[in-house]
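Student: kindly return the folded structure for what I paste below:
(2 chains)
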Amino acid sequence: DAGITQSPRHKVTETGTPVTLRCHQTENHRYMYWYRQDPGHGLRLIHYSYGVKDTDKGEVSDGYSVSRSKTEDFLLTLESATSSQTSVYFCAISEVQNEQFFGPGTRLTVL
Amino acid sequence: AQSVTQLDSHVSVSEGTPVLLRCNYSSSYSPSLFWYVQHPNKGLQLLLKYTSAATLVKGINGFEAEFKKSETSFHLTKPSAHMSDAAEYFCVVIRMDSSYKLIFGSGTRLLVRP
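Tutor: Down below sits the predicted model:
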């Protein structure tokens, strides 16, 4: 998967707890993205990063924050998880104007 | 603004018969277009991409797509379906601003009957 790993791959947590998902790349790509995939909605962009410490919101950013302190790592944090955040989360990377390469996904269940 | 529309949410074919998955796009610029495939419980894999070179693009696993500007279409085809082609397929356009965000179609689920 183009040198992209996500951790954890599966997580079950309870409402109100903080959760951090990690995306790690070995490709040195500038852009990194976090998506969520839900039935009937396809993939929706949560946040993205265009460089170290440079991030911006996507279309479904409420309840999520991100950080990128190194080129290779992009963290997605749910400050206080809710059941509506149960989803499959995908990280992606790209270089300028090119296709994105996706990680294997993290299945998150919030009880 | 850029967008893509996948015209069929589900397509069912018999093994060995041709596959056609339809996608129309809307773009103010000359678009970069992609097809991704997602097998059950897997991540997304790039099938092929169009970036204003040849209008007929060949991808992996025997798939190809033709960019037709006059019809604003980028349909995905394969001459002969295989059982392993059963998956969900996404037509995608890249947003040509500083974000380079992908804009996804809603997906087409391909069922291959034995």
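Student: near chain B, which residues of chain A?
Tutor: A:1, A:31, A:33, A:42-43, A:45, A:48, A:50, A:56, A:58, A:90, A:92, A:94, A:96-105 (C-beta under 8 Å from any C-beta of the partner chain). All C-beta spots, glycine's among them, are computed from the backbone N, C-alpha and C.
Student: show me which of those are buried.
Tutor: Taking 16 or more other C-beta atoms under 10 Å in any protein chain shown as the criterion, what is buried in those is A:1, A:31, A:33, A:42-43, A:45, A:48, A:50, A:58, A:90, A:92, A:94, A:98-105.
Student: just to revisit the earlier point, which of the residues of chain A next to chain B fall in strands?
Tutor: Counted as lying in strands by DSSP state E, out of the residues of chain A next to chain B, are A:31, A:33, A:42-43, A:45, A:48, A:50, A:56, A:90, A:92, A:94, A:101-102.
Student: where is pLDDT lowest across the residues you listed?
Tutor: Of all those, A:G42 has the smallest pLDDT value, namely 77.
Student: next, work out how far apart that residue and A:Y50 are.
Tutor: 23 Å (C-beta to C-beta, to the nearest Å).
Student: would you map the strands across chain B?
Tutor: Assigned by DSSP E, chain B shows strands spanning B:3-6, B:10-14, B:19-21, B:23-26, B:33-38, B:44-50, B:56-58, B:64-68, B:73-78, B:87-94, B:102-104, B:108-113.
Student: buried residues, the second one. List them.
Tutor: To tie it back to what came earlier, the one meant is strand B:10-14. Across strand B:10-14, burial judged by 16+ other C-beta under 10 Å covers B:V11, B:V13.
Student: do the first one as well
Tutor: Buried residues in strand B:3-6, counting neighbours by 16+ other C-beta under 10 Å, are found at B:V4, B:Q6.
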